[in-house]
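Chemist: sequence and predicted structure are below.
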Amino acid sequence: NAGVTQTPKFQVLKTGQSMTLQCAQDMNHNSMYWYRQDPGMGLRLIYYSASEGTTDKGEVPNGYNVSRLNKREFSLRLESAAPSQTSVYFCASTEGGTALSEQYFGPGTRLTVT
Amino acid sequence: AQRVTQPEKLLSVFKGAPVELKCNYSYSGSPELFWYVQYSRQRLQLLLRHISRESIKGFTADLNKGETSFHLKKPFAQEEDSAMYYCARPGPDSGGGADGLTFGKGTHLIIQP
């Protein structure tokens, strides 16, 4: 099992450009998440999907949209990138249904917006 | 709002010395708490959760409700323990458990030889 995979690994964008970060999991997990990691800030939740067909905002959703394409895939879109969105983005998944579920993380996408 | 506080950005100790990484949380009854670890060039992974009362890689963490703390401890540090450590708890909708984790800002642990 590959676990949680993310593409691309690295990306450089110019201000105003758009892009989609892809995430997939092969563990048949119900819930999926997008976090951003900034130096000195820890990880902050952008959006989550408790189950296929549902999405909800997290702590820092502004400037992002998400799509839960199917149970396996959860994408994050930046419509008009801004330098403040320079960050490392992590996708995670969990079986869900309980606050005790372990979250499994992808390797991350390092995004730079110039 | 749920908060998790890790007061130390950086902690440096010598190999063989005891380690304690601090974590405090905002009070909300009986919280569920976790420690996640990120080794260099590896993905973030669960280290331990308080409900399991387990010891992983020699680390333990005890929930102290009076002090609202969940400090991570290891009696004898090893060089391979060098990593970023994050304390975390479920989001506000902890009843459902599906709304993600709230993380502390992390502590970079460096074990010197």
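Modeler: Good, I have the coordinates. Numbers count the residues shown, from 1 in each chain, chains lettered A, B, ... in the order given.
Chemist: quick one: neighbours of B:Gly16, just the number.
Modeler: By other Cβ atoms under 10 Å in any protein chain shown, the residues close to B:Gly16 number 12. The C-beta positions use only the backbone N, C-alpha and C, and glycine is treated the same way.
Chemist: contacts only, for the nearest residue to it once chain neighbours are set aside.
Modeler: Leaving aside its sequence neighbours, B:Gly16 sits nearest to B:Phe76 (Cβ to Cβ, 6 or more residues apart in numbering or on different chains; 5.4 Å). When contacts are counted by Cβ atoms under 8 Å, 6 or more residues apart in numbering or on different chains, B:Phe76 touches B:Gly16, B:Ala17, B:Pro18, B:Gly58.
Chemist: show me which of these is closest to chain A.
Modeler: Ranked by distance to chain A (Cβ to the nearest Cβ), the contacts of B:Phe76 are led by B:Gly58 at 19.7 Å.
Chemist: what's the spacing between B:Asp81 and A:Arg44?
Modeler: Look at B:Asp81 and A:Arg44: by Cβ to Cβ, to the nearest Å, they are 26 Å apart.
Chemist: enumerate the residues of chain A near chain B.
Modeler: A:4, A:30-31, A:33, A:35, A:40-45, A:48, A:50-51, A:56, A:58-59, A:90, A:92, A:94, A:96-103, A:105-108 (Cβ under 8 Å from any Cβ of the partner chain).
Chemist: filter those to the buried ones?
Modeler: Among those, the ones that count as buried by 16 or more other Cβ atoms under 10 Å in any protein chain shown are A:4, A:30-31, A:33, A:35, A:42-45, A:48, A:50, A:58-59, A:90, A:92, A:94, A:96, A:99, A:101, A:103, A:105-108.
Chemist: among the residues you listed, which ones are in helices?
Modeler: Among those, DSSP state H puts none in helices.
Chemist: would you mind listing the buried residues in the helix or strand that contains A:Asn65?
Modeler: Per DSSP states H and E, A:Asn65 falls inside strand A:64-68. By neighbour count on 16+ other Cβ under 10 Å, the buried set for strand A:64-68 is A:Tyr64, A:Val66, A:Arg68.
Chemist: show me the contacts for the nearest residue to the first one once chain neighbours are set aside.
Modeler: By that I understand A:Tyr64. In space, and not counting its chain neighbours, A:Tyr64 is closest to A:Ile46: 5.4 Å by Cβ to Cβ, 6+ apart. Going by Cβ under 8 Å, 6+ apart, A:Ile46 touches A:Trp34, A:Tyr35, A:Arg36, A:Gly58, A:Glu59, A:Val60, A:Pro61, A:Tyr64, A:Val66, A:Leu76, A:Tyr89.
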